[in-house]
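**Q** from the sequence below, what's the structure:
(chains A, B, C and D)
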Amino acid sequence: MADVKTIIAKRVAMELNDGDLVNLGIGLPTLVANFVPEGIDVTFQSENGFIGMGNAPETGAEIENLVNAGGLPSSVLPGAAFFDSAMSFAIIRGGHLDCTVLGALQVDAKGNLANWMIPGKKVPGMGGAMDLVTGAKKVIVAMTHTAKGDIKILEECTLPLTAKGQVNLIITEMGVMEVTAKGLVLKEIHPDLSVEEVQAATSAKLIIAPDLKKMCL
Amino acid sequence: MADVKTIIAKRVAMELNDGDLVNLGIGLPTLVANFVPEGIDVTFQSENGFIGMGNAPETGAEIENLVNAGGLPSSVLPGAAFFDSAMSFAIIRGGHLDCTVLGALQVDAKGNLANWMIPGKKVPGMGGAMDLVTGAKKVIVAMTHTAKGDIKILEECTLPLTAKGQVNLIITEMGVMEVTAKGLVLKEIHPDLSVEEVQAATSAKLIIAPDLKKMCL
Amino acid sequence: MEKIITLEEAVSKISDGMTVMIGGFLGTGSPDLLVDKIIEKGIRNLAVVANDTSFPDQNIGKLVVGKNVSKVIVSHIGTNPETGRQMNAGELDVVLVPQGTLAEQVRAGGAGLGGVLTPTGLGTIVEEGKEKVVVDGKTFILEKPIRADIAIIRASKVDRKGNCVFDKAARNFNPLMAMAADTVIVEADEIVEVGSIDPDQVMTPHIFVNYIVKGAK
Amino acid sequence: MEKIITLEEAVSKISDGMTVMIGGFLGTGSPDLLVDKIIEKGIRNLAVVANDTSFPDQNIGKLVVGKNVSKVIVSHIGTNPETGRQMNAGELDVVLVPQGTLAEQVRAGGAGLGGVLTPTGLGTIVEEGKEKVVVDGKTFILEKPIRADIAIIRASKVDRKGNCVFDKAARNFNPLMAMAADTVIVEADEIVEVGSIDPDQVMTPHIFVNYIVKGAK
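**A** Take a look at the predicted model:
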């Protein structure tokens, strides 16, 4: 099997359209930037205050005061713009962000997302995640299908929510699931897996799309 | 009698303090800028989007895109700053404006001000006046005491209000009146006038300050 | 995505009956060519959101005189007697809004906020028919967000992606309106190459701008 | 009015128990010298409003480690394990706020608005105990404005009057906090003469800034 993270990031990138403004969460979602299809122009936002984010600079080539929302050295492309945090979240909350890609601790059949705290264990805070998930036109959860065997795609989240009913698409190494009014629809599946195998790794009941496709790896 | 407008503008200027941010309304209040006491640094705001307003440029020396809130050519002094209308009124509403000076159609003993419309006759709109009067730390009404004989300082305004209970000081060519919980206190009087003469031109009952002073012309 | 289009193409985005935001303050910073083209095309029944109705021979003022407009939401109409005449004759619906409230309403429309809680207008006819919200014992008027179908704005320098820089007092409502409309067209005094505007000096990031037309300068 | 003061004088404005806003995002754009001086002076029991608690060895992170802080209002604490430890041990009051909400709350505090109506946090624990307001059938959480006794911010270039320019991603919360505190102290990487910053490029107008200290750069 090809590297799991690469499979996911590549598949997420196929969701992006020419002219989109996109915000990528820390970790796996960041990899999506490496796979933007050729010929389309996507602008990346860093919610700490700019659009037009480029790749991480090489060691020694860091630019002062230019970090991403994870605090890591970043860069900007021609046509970038810096602004303050109120403007950054006006963009996010105001519906100007075409797509946000985030990881999840849990996600469920109703499009609920939990990714900001595990009560009594780990409370990093929501940062910009609640605004991102509430405000973005399209919310993609990009994550490994399970966490060391623990199931993350549930009928209903048990952890405190990041946002209610906002997730549109779940992309894992096992498949692509769309959140619909009827529940999670499995639209694409990893070519090496059976529907039963994906369902076995998923608590939420999967509705199998009539035109179920093989995931493009 | 010295020019009435000059008397008023000079007296208003004495209310300004070092470091103040001040907004002057169109017309008579604009003259106040000419009489800022020496040795103090006052910054003037133009609510269409800047602080650091200077004098009107001479004919032929107008600067493109630099007009005041009345649409007339303006200038800026060193240390000026331009901003958008949301910031301009964040300054005003947020309590960052030390003083606003405006004219009035009517003003009353409770500090109510009417200066934006005469129903059925003239409805220019409130522009920035409602925000200015609501937000400024100190609101000074600067006007001729009467309008061609019509009384403007009333027990209670009859015209639609610009703001309720926000006026602090009324300065006319006849005197200086402070709005207090008990009513209008006449604190200074034109040296050529008697208290009775001022009261005769005023509908609101004037409380005479125990230390009533002569206005400095 | 090529954003630069002709005036003809730009105005083809505007139809009878649309709500149109127009930047500018008494004509300064208003998109003159776009407005002239609207008049030439005979587009009618527009609802215009703007600071004011300018002067009869200038920008929005011409739209009023030309009867292209059936409603205006503005803070001031005093400089355009024709607006008042049409209002009194029942030919034009005029909604007067305090300038700072209007700025925040447009900003809220662009920033995904549910409304604006402002003290401006309390105790005046502005509060009539509006909900009030008490926060920690203080009363505020709830003013609703404003959005438009189209915003036509003016900038002094625009790169080919759409990043805008405004000049001096021509900034005013332009950056706010750029956030609050489904389609945003900027009339650019100067169009420059991408990368030639310092990202720190961009006042309206390109993601807000759909189309660019070259101004007359 | 001379605004440039020493670090010692600046920190003498801050007392035990005050609410202090601190600019920056994971340390980028934070006033390092001012924070170090707070620690040196042993000021305690501060309530800090900031985006995050940074890293243990950086800026606000050091304040937490040094136990100068009894409460933090932030969006994120995940990069500073000591914040989580103190929170779990009941030593530190941690209020977690979505980043975009925090930005608007600070802005509202500075702009004289009664609160923020945001959809962010609906259906999550963020909405608990908060009033909700329905506008045109849509529900929003009413989040209250935030103000502070002191804001300490960081700017790259400041003129002697206090006009500020921020650099790249170091802008973040700095201009918002400059509007929302009774006293604002800016740590300036560079102090320049009045008139040397283009008025169009000022990001925080001087009227918001009370004091300037020279940074370490």
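**Q** how about stretch C:180-200, does it reach chain D?
**A** Yes. Judged by C-beta under 8 Å from any C-beta of the partner chain, stretch C:180-200 comes into contact with chain D at C:199-200. Quick note: C-beta positions are derived from backbone N, CA and C, even for glycine.
**Q** and the end-to-end length of that stretch?
**A** The straight-line separation of the ends of stretch C:180-200 (C-alpha to C-alpha, to the nearest Å) is 22 Å.
**Q** over to stretch A:76-92?
**A** 19 Å.
**Q** and it, what's buried?
**A** A:76, A:79-92 (16 or more other C-beta atoms under 10 Å in any protein chain shown).
**Q** same check, this time on stretch C:89-98
**A** In stretch C:89-98, counting by 16+ other C-beta under 10 Å, buried: C:92, C:94, C:96-98.
**Q** now do stretch A:149-157
**A** Buried-residue list, stretch A:149-157, by 16+ other C-beta under 10 Å: A:152-154, A:157.
**Q** just give me the closest of those residues to chain D.
**A** Chain D lies nearest to A:Cys157 out of these, by C-beta to the nearest C-beta, at 10.6 Å.
**Q** so the closest one makes contact with A:Asn115?
**A** No. Using C-beta atoms under 8 Å, A:Cys157 is not in contact with A:Asn115, being 9.7 Å away.
**Q** mind listing what the longest strand along chain A pairs with, with the direction of each?
**A** If you go by DSSP state E, chain A has its longest strand at strand A:206-214. When pairing is defined by DSSP bridges, strand A:206-214 lines up against strand A:183-189 (parallel).
**Q** to the chain's geometric centre, what's the distance from the strand it pairs with?
**A** Strand A:183-189 sits 17 Å away from the centroid of its parent chain (C-alpha atoms, centre = their mean, to the nearest Å).
**Q** next one: stretch A:148-158
**A** Distance, centroid of stretch A:148-158 to centroid of chain: 17 Å (C-alpha atoms, centre = their mean).
**Q** pull it out as PDB, backbone CA atoms only.
**A** Output of stretch A:148-158 as PDB, limited to C-alpha atoms (Å, rounded to 0.1, in the frame of the first residue of the first chain):
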ATOM      1  CA  LYS A 148      -4.500   2.700  16.000                       C
ATOM      2  CA  GLY A 149      -7.500   0.600  15.600                       C
ATOM      3  CA  ASP A 150      -9.900   2.900  17.400                       C
ATOM      4  CA  ILE A 151     -12.900   3.800  15.300                       C
ATOM      5  CA  LYS A 152     -13.300   7.500  14.500                       C
ATOM      6  CA  ILE A 153     -16.200   7.600  12.100                       C
ATOM      7  CA  LEU A 154     -19.300   7.200  14.300                       C
ATOM      8  CA  GLU A 155     -23.000   7.300  14.200                       C
ATOM      9  CA  GLU A 156     -22.700  10.100  16.700                       C
ATOM     10  CA  CYS A 157     -19.700  11.800  18.200                       C
ATOM     11  CA  THR A 158     -19.100  11.300  21.900                       C
END
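**Q** name the residues that touch it?
**A** By C-beta atoms under 8 Å, 6 or more residues apart in numbering or on different chains, the residues outside stretch A:148-158 that reach it are A:104-110, A:112-114, A:143, A:145-146, A:170, A:172, A:177, A:184, A:201-205.
**Q** also stretch A:203-216?
**A** Counting by C-beta under 8 Å, 6+ apart, A:7, A:10-11, A:14, A:108-109, A:151, A:153-155, A:175-177, A:180, A:182-191, A:195, A:198-199 sit against stretch A:203-216.
**Q** helix/strand/coil for the residue nearest to A:Phe89 when sequence neighbours are not counted?
**A** Nearest non-adjacent residue to A:Phe89, counting by C-beta to C-beta, 6 or more residues apart in numbering or on different chains: D:Gly100, 2.9 Å away. Judged by DSSP: H, G, I helix; E, B strand; the rest coil, the three-state class of D:Gly100 is helix.
**Q** and the contacts of stretch A:148-158, which are buried?
**A** Applying 16+ other C-beta under 10 Å to those flags A:104-110, A:112-114, A:143, A:145-146, A:170, A:172, A:177, A:184, A:201-202, A:204 as buried.
**Q** any idea how many residues pack against residue 111?
**A** The chain I'm using is chain A. A:Gly111 sits with 23 neighbouring residues when counted by other C-beta atoms under 10 Å in any protein chain shown.
**Q** not what I meant, chain C
**A** Neighbours of C:Ala111 (other C-beta under 10 Å): 30.
**Q** same deal with C:Ser70?
**A** C:Ser70 - counted by other C-beta under 10 Å - has 16 other residues nearby.
**Q** I'd assumed C:Leu46 was in contact with it.
**A** Yes. Using C-beta under 8 Å, C:Ser70 makes contact with C:Leu46 at a distance of 6.9 Å.
**Q** and the gap between the nearest residue to C:Ser70 once chain neighbours are set aside and chain D?
**A** Distances taken as C-beta to C-beta, 6+ apart place C:Asn45 nearest to C:Ser70, at 4.8 Å, with adjacent residues excluded. Distance, C:Asn45 to chain D, using C-beta to the nearest C-beta, to the nearest Å: 23 Å.
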